[in-house]
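# what follows is a predicted structure for the sequence shown.
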Amino acid sequence: MAERAGCEAARHDRLVEALAGGLEPVRPLPAPGIRAALWLGAALLAGLLLVAEAGMTGFMLRMHVPDLALAAVGAVLTAITAAYAAFATSVPGRSGRWALLPLPPLALWIGASGLGCLRDWIAPGTDLPGAYAVTGCFSFLICVSVPLSALIVVMLRRACPLRPNLTAALGGLAVSAAAAALLMPVHPHDATATDLLMHVAAVAIVIAVNGLAGGRLLAPSARAERSGSEPA
Amino acid sequence: MILAVPSGFPGWSLAPGSEAGQDAPRAGGRNGGGARMVLEEELAGLMVSAQCGDAAAYRALLKACLPVVSGIARAQGVRGEAVDDVVQDTLMTVHRARASYDPARPFMPWLRAITQRRAIDRLRRAGRRPREVNDPLAYEAEVDPGPPPGQGLEARDRAVALARAVASLPEGQRQAVEQLGLRELSLDEAAALTGRTKGALKVNLHRALKALRTSLTREVE
């Protein structure tokens, strides 16, 4: 027994020596709020480029419709809160309850988008999007999501997400909300049931892909850790 | 349950039920608070130096963390050799994640969160892996709950012999055995069924049992 304890102590000492021997200075990561702001800044930059391309006229017109404006506010708030929650949960020692933060704006976003469907029933004369426009929206959402996802995964990996699946799902939610918010300036028509369905499908795909791939991307395998830290 | 960390830090204690999160170390004993604060500040200071590349401070930090980490792992339910594996995993994660420690925040919740996660990972891995149990005595002494071999055959032989002996009795005796002995009817019921008097049934039963005893004993011999 005492022999085993001595053997384990020697094993720990070897690891401590190996880790301390290869120590390199690191800069402490900025606070989660700052990192979230950086990522949101990148998304905002993409939004400004889109507005410059598409113009503000249609966007301003749509923002006068209450449910469209509410959906836009909900999407923007969801992107902000989910990004903050993702970066907060990627730091050890922060509470997992940050994951609840994006839920109220998410409810607003989904609820207000759902109102668009009701409006379509109440006022049947609304301009319905053709299949081509819907496919365009879908591919827009996916095209915007891919670079934003890549950016947030790279940024999240710099911390140490102890719950990689939760962090990845929050990151996915932030990406899909940001993509939906970016879609607003270039959206060629009012919200409808088909439209909402396509949004939900795109959001689900982005969150699922982030959850499945991101969970693995954010959780480096024990083998990689070992080979990186164990003495040769 | 309050778990005391064995050596090095007499006043330090851990509350395992606490949220792995924003809460600072909690008060455990009468004199625990001061020593905890000293340890917390000492570890946080060492970690800041380690982030700047001070290898000696980092070595001191990791060594100071060893008993704390194994205490947290035990509080999570890790036992035996697995505690040392959790210590190793935790040290490597601490090394990889050292940039994520914010010097403005306390060190212990950061370390505790990493240790608890590594302990849970370890427990999950252990739960998935089947364990081999080597205990030959227990295997030999295991009682088979099923019926012993040949039990059904013996019972069937006995039933066949009895049926044959009953069938060979005279009519009156056979009826008395069947109604009173095998079907367990009362004397009145048997009398009504067979049309014989109760006295005749009693005599027949007595004679039948005597005859059966003789014939079955002879058969066994």
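It's in. Bear in mind the structure is a predicted one, so any value in this text is a computation, not a measurement.
# so for stretch B:94-107, what's the average pLDDT?
Confidence over stretch B:94-107 (mean pLDDT, whole number) is 89.
# who does the longest helix along chain A touch, helix- and strand-wise?
Residue-count comparison of every helix in chain A, with assignments taken from DSSP state H, identifies helix A:131-157 as the longest. Contact analysis of helix A:131-157 by 3 or more Cβ pairs under 8 Å, 6 or more residues apart in numbering or on different chains; DSSP states H and E lists helix A:32-54, helix A:66-89, helix A:164-183, helix A:193-209, helix A:215-218 as its packing neighbours. The way it works is simple: take the backbone N, C-alpha and C, and place the C-beta from them, glycine included.
# can you list phi and psi of residue B:80 for me?
The main-chain torsion angles of residue B:80 are listed as degrees, to the nearest 10 and equal phi 70, psi -140.
# count of residues packed around it?
Applying other Cβ atoms under 10 Å in any protein chain shown, we find 9 other residues in the vicinity of residue B:80.
# can you check residue A:107 too?
Using other Cβ under 10 Å, residue A:107 has 12 neighbouring residues.
# list the contacts of it.
Neighbouring residues of residue A:107 by Cβ atoms under 8 Å, 6 or more residues apart in numbering or on different chains: residue A:74.
# helix/strand/coil for it?
Using DSSP: H, G, I helix; E, B strand; the rest coil as the criterion, the local structure at residue A:107 reads helix.
# quick check: pLDDT value at it.
On pLDDT, residue A:107 comes in at 91.
# from residue B:150, how far out is it?
72 Å (Cβ to Cβ, to the nearest Å).
# and for residue A:109?
Where residue B:150 is concerned, residue A:109 sits at a distance of 76 Å (Cβ to Cβ).
# who has more neighbours out of the two?
In this comparison of residue A:109 against residue B:150, neighbours counted by other Cβ under 10 Å, the higher total goes to residue A:109 at 27 against 8.
# give the contact list for the closest residue to that one other than its chain neighbours.
When the adjacent residues along the chain are set aside, residue A:109 lies closest to residue A:74, with 3.0 Å between them (Cβ to Cβ, 6 or more residues apart in numbering or on different chains). With contacts taken as Cβ under 8 Å, 6+ apart, residue A:74 has the following neighbours: A:105, A:106, A:107, A:108, A:109, A:110, A:111, A:112, A:113.
# are any of those buried, and which?
Restricting the contacts of residue A:74 to buried positions leaves A:105, A:106, A:108, A:109, A:110, A:112, A:113, with burial counted as 16 or more other Cβ atoms under 10 Å in any protein chain shown.
# turn those into a markdown table, columns for distance to residue A:147.
Compiled in a markdown table, those are given as follows (distance: Cβ to Cβ, whole Å):
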| residue | distance to residue A:147 |
| --- | --- |
| A:105 | 23 |
| A:106 | 22 |
| A:108 | 26 |
| A:109 | 22 |
| A:110 | 24 |
| A:112 | 26 |
| A:113 | 24 |
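# helix/strand/coil for residue 94?
Using chain A here. coil.
# how near is the nearest residue to it once chain neighbours are set aside to residue A:96?
When the adjacent residues along the chain are set aside, residue A:94 lies closest to residue A:88, with 4.9 Å between them (Cβ to Cβ, 6+ apart). In this structure, residue A:88 and residue A:96 are separated by 9 Å, where distance is defined by Cβ to Cβ.
# out of the two, which sits in the busier spot?
Regarding residue A:88 and residue A:96, a neighbour count based on other Cβ under 10 Å identifies residue A:88 as having more, with 23 against 17.
# residues contacting the nearest residue to residue B:120 once chain neighbours are set aside?
Distances taken as Cβ to Cβ, 6+ apart put residue B:76 closest to residue B:120, at 6.8 Å, once the chain neighbours are dropped. Contacts here follow Cβ under 8 Å, 6+ apart; on that basis residue B:76 touches B:16, B:115, B:116, B:119, B:120, B:123.
# separation between the spatially closest residue to the fourth one that is not a sequence neighbour and residue B:116?
Put plainly, it is residue B:119. Of all residues not flanking residue B:119 in the chain, residue B:76 sits nearest, at 3.9 Å (Cβ to Cβ, 6+ apart). When Cβ to Cβ is applied, the distance between residue B:76 and residue B:116 equals 6 Å.
# just residue B:125 next, same as before
Counting by Cβ to Cβ, the gap between residue B:125 and residue B:116 amounts to 15 Å.
# more neighbours: these two, which one.
Using other Cβ under 10 Å as the criterion, residue B:125 and residue B:116 rank with residue B:116 on top: 21 against 12.
# wait, that one sits on residue B:72?
Yes. With contacts defined as Cβ atoms under 8 Å, residue B:116 counts as touching residue B:72 at a distance of 6.4 Å.
# quickly list what's touching both of those two.
Common neighbours of residue B:116 and residue B:72, using Cβ under 8 Å, 6+ apart, do not exist here.
# ok so, going back, and the pLDDT for the residue nearest to residue A:94?
94.
# for it, which residues are in contact?
For residue A:88, the contacting residues are A:32, A:94, A:98, by Cβ under 8 Å, 6+ apart.
# the first one contacts residue A:93, correct?
Okay, so that is residue A:32. No. Judged on Cβ under 8 Å, residue A:32 makes no contact with residue A:93 at a distance of 11.5 Å.
# which one is residue A:71 nearest to, not counting chain neighbours?
Nearest in space to residue A:71, with sequence neighbours left out and distances taken as Cβ to Cβ, 6+ apart, is residue A:112 at 3.9 Å.
# er, residue B:63 I mean
residue A:16 (6.0 Å).
# low-confidence stretches in the chain?
Picking chain A for this. With pLDDT under 70 as the threshold, chain A has low-confidence stretches at A:1-5, A:58, A:116-136, A:187-199, A:202-203, A:206, A:210-211, A:213-217, A:219-232.
# that's the wrong chain, I meant chain B
Counting by pLDDT under 70, the ranges of chain B that qualify are B:1-36, B:130-133, B:219-221.
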